[in-house]
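Engineer: fold the stuff below for me.
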Amino acid sequence: MPHTLASPCSAELLIKKSRFIACVQPMTDRAAAQAVVARLKAEHPGAAHVCWALLAGGQSAAVDDGEPSGTAGRPMLDVLRHQDLEGVLATVVRYFGGVKLGAGGLVRAYTDGVAQALLKAERVAIVKLRHLRCTVPYATEGLLRRELDAAGATLDEVAHGDAVTFDFSLADGAAAALVARLNEAGNGRVVWTEE
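Structural biologist: Numbering: from 1, shown residues only. Modelled structure (predicted):
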């Protein structure tokens with residue numbers, strides 16, 4: 001099951017006089033990630049590089065920011081993938097210390113920075129939600145509310161008209177069982193409509 005992070009976490013490494021400031025944080029899209037990177041560049045004007053990797057579905061990216069190709073962004077992205085994360089941005093700000101690390105040294109430095117930050121991070125499971133809508137007679141409203149509450153569903157909206165329409169969401173894996181339970185308990189009075 002994929003996870004995301006509860007909040008940002010950071011770590012700092014000093015390798016052959018170069019300073020690496022790594023941060024991992026929850027992030028949903030590339031535009032928001034680029035805003036974070038722009039802010040980091042403004043906060044660290046003396047930094048040689050601000051490399052980053054975003055793992056967020058079709059929005060994923062890996063940027064070396066002037067480091068030799070494939071030595072920063074891609075290895076950072078690989079760390080996020082191996083940790084089964086989704087919706088996470090990893091950034092590493094590097095202050096050059098005057099000693100070249102070589103390609104292997106750079107890969108190790110950037111992956112270690114991200115890995116150290118992830119050790120401090122609290123992971124949160126990503127639960128895919130299913131949104132459902134049904135209509136019931138007023139006499140069945142109480143039953144439906146109790147069943148939704150027992151199933152841990154989130155009530156999004158209730159509309160009262162000729163009948164009562166419920167919009168709700170719950171974990172995708174629990175949806176089929178709840179629909180079957182409501183159909184049985186409602187004796188055919190629960191009418192489902194597509195979201």
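Engineer: next up, phi/psi of Thr71, please.
Structural biologist: Here is the backbone geometry of Thr71 (degrees, to the nearest 10): phi -100, psi -10.
Engineer: residues contacting it?
Structural biologist: Residues in contact with Thr71 (Cβ atoms under 8 Å, 6 or more residues apart in numbering) are Asp64, Ala103, Leu106, Val107, Tyr110. Where you see a C-beta, it was placed from the backbone N, CA and C, and this is true even at glycine.
Engineer: let's have those residues in a markdown table, adding pLDDT.
Structural biologist: Below are these laid out as a markdown table (pLDDT from 0 to 100):
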| residue | pLDDT |
| --- | --- |
| Asp64 | 89 |
| Ala103 | 87 |
| Leu106 | 91 |
| Val107 | 91 |
| Tyr110 | 92 |
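Engineer: can you check the pLDDT for the spatially most central residue of the chain?
Structural biologist: Nearest to the mean C-alpha position of the chain, by Cα atoms, centre = their mean, lies Gly87 at 2.8 Å. For Gly87, the model assigns a pLDDT of 88.
Engineer: what comes up buried for stretch 99-116?
Structural biologist: For stretch 99-116, burial by neighbour count (16 or more other Cβ atoms under 10 Å) applies to Leu101, Leu106, Val107, Arg108, Ala109, Tyr110, Thr111, Asp112, Gly113, Val114, Ala115, Gln116.
Engineer: using PDB, list the CA coordinates for it.
Structural biologist: Provided in PDB are the C-alpha atoms of stretch 99-116 (Å, rounded to 0.1, in the frame of the first residue of the first chain):
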ATOM      1  CA  VAL A  99      36.300  18.900  -3.200                       C
ATOM      2  CA  LYS A 100      34.800  17.100  -6.100                       C
ATOM      3  CA  LEU A 101      32.900  13.900  -5.100                       C
ATOM      4  CA  GLY A 102      32.700  12.100  -8.500                       C
ATOM      5  CA  ALA A 103      29.600  10.600  -9.900                       C
ATOM      6  CA  GLY A 104      29.400   7.800  -7.400                       C
ATOM      7  CA  GLY A 105      30.000  10.100  -4.500                       C
ATOM      8  CA  LEU A 106      27.300  12.500  -5.700                       C
ATOM      9  CA  VAL A 107      24.700   9.600  -6.000                       C
ATOM     10  CA  ARG A 108      25.600   8.400  -2.500                       C
ATOM     11  CA  ALA A 109      25.400  11.900  -1.000                       C
ATOM     12  CA  TYR A 110      22.000  12.700  -2.600                       C
ATOM     13  CA  THR A 111      20.400   9.300  -1.800                       C
ATOM     14  CA  ASP A 112      21.800   9.300   1.800                       C
ATOM     15  CA  GLY A 113      20.400  12.800   2.400                       C
ATOM     16  CA  VAL A 114      16.900  11.800   1.300                       C
ATOM     17  CA  ALA A 115      17.100   8.500   3.200                       C
ATOM     18  CA  GLN A 116      18.200  10.200   6.400                       C
END
